[in-house]
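This is the structure alone, sequence omitted:
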């Protein structure tokens, strides 16, 4: 049953990523991959929250490995970082920003989600 729930959760997470990334990216002009960053940062906050709030065991894996695993994307982030890095010094700065901002913000949001989850618990 857990495998089926992970499958469904992953599908819903992937669909959510597709929709959210598209909506956000259409509203942002320029090189910044705001759609990917939005889903990855939201996933960080939600994972911290889910792990801290004491969700019952049958739902932890489908929500974390399933939905949040489908929602977030490391590989797209890396490819977008490579693309941002094209173009000399400007590209190198863009790639650096695309690495640093999501990492720092992701850790902070995971901590915030974890803190909120402990309050709910």
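Sure, I can see it. Computed from a prediction, not measured in an experiment: that's the story for all the values here.

Which of the residues in stretch 8-21 are classified as buried?
Within stretch 8-21, the residues that qualify as buried are 9, 10, 13, 14, 16, 17, 20, 21, counting by 16 or more other Cβ atoms under 10 Å. In this view, the C-beta of every residue, glycine as well, is placed from N, C-alpha and C.

for the last one, what are its contacts?
For residue 21, the residues meeting the contact criterion (Cβ atoms under 8 Å, 6 or more residues apart in numbering) are 35, 36, 38, 39.

okay, which residue of the chain is out on the far edge from center?
residue 88 (28.1 Å; Cα atoms, centre = their mean).

Quick check: pLDDT value at that one.
pLDDT for residue 88: 93.

Name the helix or strand for the residue nearest the centre of the chain, please.
Compute the mean C-alpha point of the chain, and by Cα atoms, centre = their mean the closest residue is residue 40, 1.6 Å away. Assigned by DSSP states H and E, residue 40 belongs to helix 34-52.

tell me the mean pLDDT for that helix?
The predicted confidence, averaged over helix 34-52, sits at 96.

just to revisit the earlier point, does the residue nearest to the centre of the chain touch residue 102 like I think?
Yes. The criterion here is Cβ atoms under 8 Å, and residue 40 meets it with residue 102 at 5.8 Å.

what about residue 104, neighbour count?
Other residues within reach of residue 104 by the criterion other Cβ atoms under 10 Å amount to 10.
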